[in-house]
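In: What shape does this take:
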Amino acid sequence: MDEAYYVGFKIGDQDIGLDPNGHKQGMTGPVGYYHVDDIQKNLQILLDAGAQIQQEVKDVGGGKLIATVKDASDNIIGLIQLP
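Out: Numbering: from 1, shown residues only. Modelled structure (predicted):
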């Protein structure tokens, strides 16, 4: 995918995406996204453990949901739920 808002690559089973506007969302480096079956449940687990919302759950197209949190050490953790 090569759009003004996102560039994506697929190498085997690994997706790599580049967001040219990521700095506006607080991204200062690479963000790893963990595949989950229930994004709301897993997001709540992270929040209960002390993480803070960086980006609320968002549909990025085709029913693919993502969210990010910041942990106590300021690491950004991404979650992704496929449709």
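In: How is Gly8 assigned, secondary-structure-wise?
Out: The three-state assignment at Gly8 reads strand, by DSSP: H, G, I helix; E, B strand; the rest coil.
In: okay, now it: neighbour count?
Out: Gly8 has 12 neighbours, counted by other C-beta atoms under 10 Å. (Glycine included, C-beta is placed from N, CA and C.)
In: pretty sure it contacts Asp15?
Out: Yes - contact criterion C-beta atoms under 8 Å: Gly8 and Asp15 qualify, at 6.4 Å.
In: Break down the protein into its helices, ranges please.
Out: Secondary structure of the chain (DSSP state H): helices located at 39-48.
In: mind listing the strands in it by residue range?
Out: 2-3, 6-11, 14-18, 33-35, 52-59, 65-70, 76-81 (DSSP state E).
In: give me the low-pLDDT residue ranges for this protein?
Out: For the chain, the stretches flagged by pLDDT under 70 are 1-5.
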